[in-house]
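**Student:** just need the structure, nothing else, for what follows:
(2 chains)
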Amino acid sequence: MAASVRCFLRSGKMMVRDALNQAMDEELERDERVFLLGEEVAQYDGAYKVSRGLWKKYGDKRIIDTPITEMGFTGIAVGAAMAGLRPICEFMTFNFSMQAIDQVINSAAKTCYMSAGRQSVPIVFRGPNGASAGVAAQHSQCFAAWYAHCPGLKVVSPWSAEDAKGLLKSAIRDDNPVVFLENELMYGVPFEMSEESQSKDFTIPIGKAKVERQGTHVTVVTHSRYVSHCLDAAAVLAKEGIECEVINLRTIRPLDVETIEASVMKTSHLVTVEGGWPQFGVGAEICAMVMEGPAFNFLDAPATRVTGVDIPMPYAKILEDNSLPQIKDIIASIKKTLNV
Amino acid sequence: GSSPLVVLLNYIQLKISPFFSPRQGAAAVVSARTYADFTTQATFEIKKCDIHKLDEAPATQVVMTRDEGLKYYRVMQTIRRMELKADQLYKQKIIRGFCHLYDGQEACAVGIEAGINLTDHLITAYRAHGYTYTRGGTVKEIMAELTGRRGGIAKGKGGSMHMYTKNFYGGNGIVGAQVPLGAGVALACQYQGNNELSVSLYGDGAANQGQIFETYNMAALWKLPAIFICENNRYGMGTSVERSAASTDYYKRGDYIPGLRVDGMDVLCVREATKFAADHCRSGKGPMLMELQTYRYHGHSMSDPGVSYRTREEIQEVRGKSDPISLLKDRMLSNNMASVEELKEIDVSVRKEIEDAAQFATTDPEPPLEELCNHIFYNDADLEVRGTNPWTTLKSVS
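**Tutor:** Model (predicted):
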């Protein structure tokens, strides 16, 4: 508890990385079957310091440094889950999860179904997802759409520190494989933490989106880092009399389409915002779902997707900045959707 | 007509649950007839294992009791006949999709199980029907899974390659993926301190997979209680070992992991080697590797006749000289451990069990459509699942 008290900044806020740390600490303490494995998670305190202090507190048995062999250690983590433990398998970034993706999909996601419910796989795959800063094409891909495509997985994408804590605790307590997509650029961002989030039993349910900002003119649906961008865009637009309802998805799969529909039926306009590529992505799925449901008839304009540019991520700052949605892109897209 | 013994054997067979329970089979048979004139146990000379990074090999003088012999015989014969029945049903198009048969390799599954406990753990690839049986599945539920019925061991959801029982993690379709999984099970054993171990099986084809070497590394580094077993049946699908591996000494491929090369056609060889490896693991020394030299009579799967890459003469030679069931039978008969009639009665009883199972597997109804979406998740709230079109919403219960 001492470590997490230190995590509270003078302003009473907590950074996302410390919220994740606290979540893991509390769950490791609560259930001795929970353990963490991954590259540099133990003695290095985590490549991004998310697991700082955990090895010192829990030791070699429960915080395990692995060799750089994703396919192998992910398979080992899945096998351990099948045999009754509750592993947290960290990918240093989700780009490296591609080497292990067979174990995530074919060994973890599908097993409960193939075994007709006989064999469960209570595992969490977590790590930073999507673009960072200047890490170029091989280290910047967003995997939300890839994992969210597959039945048998739950895919979670927290934004705030409170999201991170509550959702990670839920993911660890879930008896099913959960892909937990963090964001490296959010790790150091501080957030207010509510009273109830201080409780060791504080969890946020997987599968429920949160309306971060109420509005009447347009529904803006987003996840992870872009929630910040959308709220900033909404603040600018509010000065022009445009009130955005910003929905933080929190979970990608299962998608909380009811919350989106209820909002669209109020605002009649829909804009999705994500860092991932446009084709076959999260925004594409939201648009398709809304088209198939009751909210379609309420739309006054086609839905708009704001996404990353459809290219591998370049390195130079000016190029990278223009490869991802900026606040001005979000503002322009909302205005165009509203035809103003 | 049925002799009283056959009637009794059938009655006993109906009562069988974990089939290696000492209560079943031969012990009850003894009470019906006096077998005082049979040898109760004999010592056999078995082939010495080749060793790698070991100072000693498993024993070459081993004892087998009459009870053990009858047990091994019955189980191997059951697997044999079950697989042949599956062949028949597949050709009648009652079994569909993939079907990888195990006939010829019975001594591996039976010998391994004889060297470990049901409380230990085992995982294999897709040639899994034999292991599903030795790990506690019934012939009935295995066959009904092959025919895709609701009485199948996975309720018809898995099929040939995805059967599970307690401490048996399938049945896995992706070549090599089961090996890290098995090491993960071993990690769980070590973590929980339960003195159990994990056996991970793979074929000569899988033996070149990178993830297996990643697994060797971690298993050795962390001294996991894992036994890695390569069932070398000489062919990875249609590719012989000579054409796929720069080194066909599969028992040495673990490098720093001690290894044994074992005659996989001799159930006693497999048993002794497994016991040796199990002792090694349980003593905390870390993993061991075993290569079982074995052979499959069928092709890779039912869609492979199995004669385009090997000769019929080769298959015949193995059948004639090295069949695992014949080897055991000859041993028992020549050491007066059983009579020809007694073994024939076991054959008859096994045949009946298989027939009854096939009857069930062909008449049991298919799974109900209402259960299509069930078991996506475990211990979870009911879920709505999109059907093939937006107006179809299906229900998933966990």
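**Student:** what segments of chain B are helices?
**Tutor:** Ranges of helices in chain B, per DSSP state H, are B:4-15, B:26-32, B:66-91, B:106-115, B:129-134, B:139-146, B:178-192, B:210-221, B:241-244, B:267-282, B:312-322, B:324-334, B:340-363.
**Student:** relative to residue A:262, which of those helices is closest?
**Tutor:** Residue A:262 lies closest, by C-beta to C-beta, to one member of those: helix B:178-192, at 42.3 Å. C-beta: built from backbone N, CA, C; applies to glycine.
**Student:** before we move on, back to that, in TSV: the helices of chain B, plus mean pLDDT and mean neighbour count.
**Tutor:** Listed next are the helices of chain B as TSV, based on pLDDT from 0 to 100; neighbours: other C-beta atoms under 10 Å in any protein chain shown:
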stretch	mean pLDDT	mean neighbour count
helix B:4-15	57	15
helix B:26-32	43	15
helix B:66-91	98	22
helix B:106-115	98	27
helix B:129-134	98	27
helix B:139-146	98	25
helix B:178-192	98	28
helix B:210-221	98	23
helix B:241-244	98	12
helix B:267-282	98	24
helix B:312-322	98	13
helix B:324-334	98	19
helix B:340-363	98	17
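**Student:** residue A:209: which of these is closest?
**Tutor:** In terms of C-beta to C-beta, the element of the helices of chain B nearest to residue A:209 is helix B:178-192, at 33.7 Å.
**Student:** CA atoms of that closest one as CSV?
**Tutor:** Presented in CSV, the C-alpha positions along helix B:178-192 are these (Å, rounded to 0.1, in the frame of the first residue of the first chain):
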residue,chain,number,x,y,z
GLN,B,178,0.9,-27.9,-27.8
VAL,B,179,4.5,-28.1,-26.7
PRO,B,180,4.7,-24.6,-25.0
LEU,B,181,1.2,-25.3,-23.7
GLY,B,182,2.5,-28.5,-22.1
ALA,B,183,5.4,-26.6,-20.5
GLY,B,184,3.0,-24.1,-19.2
VAL,B,185,1.1,-26.9,-17.5
ALA,B,186,4.4,-28.0,-16.0
LEU,B,187,5.0,-24.5,-14.7
ALA,B,188,1.6,-24.7,-13.0
CYS,B,189,2.7,-28.0,-11.4
GLN,B,190,5.9,-26.5,-10.1
TYR,B,191,4.1,-23.3,-9.0
GLN,B,192,1.5,-25.3,-7.1
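**Student:** before we move on, back to that, switch the helices of chain B over to CSV; also include distance to chain A.
**Tutor:** Below are the helices of chain B laid out as CSV (distance: least, C-beta to the nearest C-beta, whole Å):
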stretch, distance to chain A
helix B:4-15, 24
helix B:26-32, 31
helix B:66-91, 19
helix B:106-115, 18
helix B:129-134, 12
helix B:139-146, 9
helix B:178-192, 2
helix B:210-221, 3
helix B:241-244, 20
helix B:267-282, 15
helix B:312-322, 33
helix B:324-334, 29
helix B:340-363, 16
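**Student:** residue B:304: which of those is closest?
**Tutor:** That would be helix B:66-91 among those, by C-beta to C-beta, at 12.0 Å.
**Student:** how far does the closest one sit from the chain's center?
**Tutor:** Mean-position distance between helix B:66-91 and its chain equals 11 Å (C-alpha atoms, centre = their mean, to the nearest Å).
**Student:** against which helices or strands is that helix packed?
**Tutor:** helix B:26-32, helix B:106-115, helix B:129-134, helix B:139-146, helix B:324-334, helix B:340-363 (3 or more C-beta pairs under 8 Å, 6 or more residues apart in numbering or on different chains; DSSP states H and E).
**Student:** related to what we said a few turns ago, relative to residue B:393, which of the helices of chain B is closest?
**Tutor:** Once those are compared by C-beta to C-beta, helix B:139-146 is nearest, at 28.6 Å.
**Student:** run through the neighbouring helices and strands of the closest one.
**Tutor:** Taking 3+ C-beta pairs under 8 Å, 6+ apart as the contact cut, helix B:139-146 packs with helix B:66-91, helix B:129-134, helix B:340-363.
**Student:** for residue B:207, which of these is the nearest?
**Tutor:** When these are compared by C-beta to C-beta, helix B:129-134 sits nearest residue B:207, at 18.0 Å.
**Student:** show residues contacting the closest one.
**Tutor:** B:19, B:75, B:78-79, B:82-83, B:86, B:101-102, B:105-106, B:108-110, B:112-113, B:122, B:124, B:139, B:142, B:146, B:153, B:160, B:163, B:165, B:168, B:171, B:201 (C-beta atoms under 8 Å, 6 or more residues apart in numbering or on different chains).
**Student:** with stretch A:304-317 instead?
**Tutor:** By C-beta under 8 Å, 6+ apart, the surrounding residues in contact with stretch A:304-317 are A:131, A:134-137, A:139-142, A:270-279, A:281, A:283-284, A:287, A:320, A:322-325, A:329-330, A:333-334, A:336-337.
**Student:** in helices only, show me the residues you listed.
**Tutor:** Per DSSP H, these map to helices at A:283-284, A:287, A:320, A:329-330, A:333-334, A:336-337.
**Student:** from the residues you listed, list the buried ones, please.
**Tutor:** Neighbour counting with 16 or more other C-beta atoms under 10 Å in any protein chain shown marks A:283-284, A:287, A:320, A:329-330, A:333-334, A:337 as buried within these.
**Student:** between the residues you listed, which is nearest residue A:237?
**Tutor:** When those are compared for distance to residue A:237 (C-beta to C-beta), residue A:334 comes out closest, at 6.3 Å.
**Student:** can you list the helices of chain B in JSON lines and add distance to residue A:214?
**Tutor:** Converted to JSON lines, those look like this (distance: least, C-beta to C-beta, whole Å):
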{"stretch": "helix B:4-15", "distance to residue A:214": "68"}
{"stretch": "helix B:26-32", "distance to residue A:214": "75"}
{"stretch": "helix B:66-91", "distance to residue A:214": "62"}
{"stretch": "helix B:106-115", "distance to residue A:214": "63"}
{"stretch": "helix B:129-134", "distance to residue A:214": "56"}
{"stretch": "helix B:139-146", "distance to residue A:214": "53"}
{"stretch": "helix B:178-192", "distance to residue A:214": "46"}
{"stretch": "helix B:210-221", "distance to residue A:214": "49"}
{"stretch": "helix B:241-244", "distance to residue A:214": "63"}
{"stretch": "helix B:267-282", "distance to residue A:214": "61"}
{"stretch": "helix B:312-322", "distance to residue A:214": "75"}
{"stretch": "helix B:324-334", "distance to residue A:214": "73"}
{"stretch": "helix B:340-363", "distance to residue A:214": "59"}
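**Student:** relative to residue A:120, which of those helices is closest?
**Tutor:** helix B:178-192 (13.3 Å).
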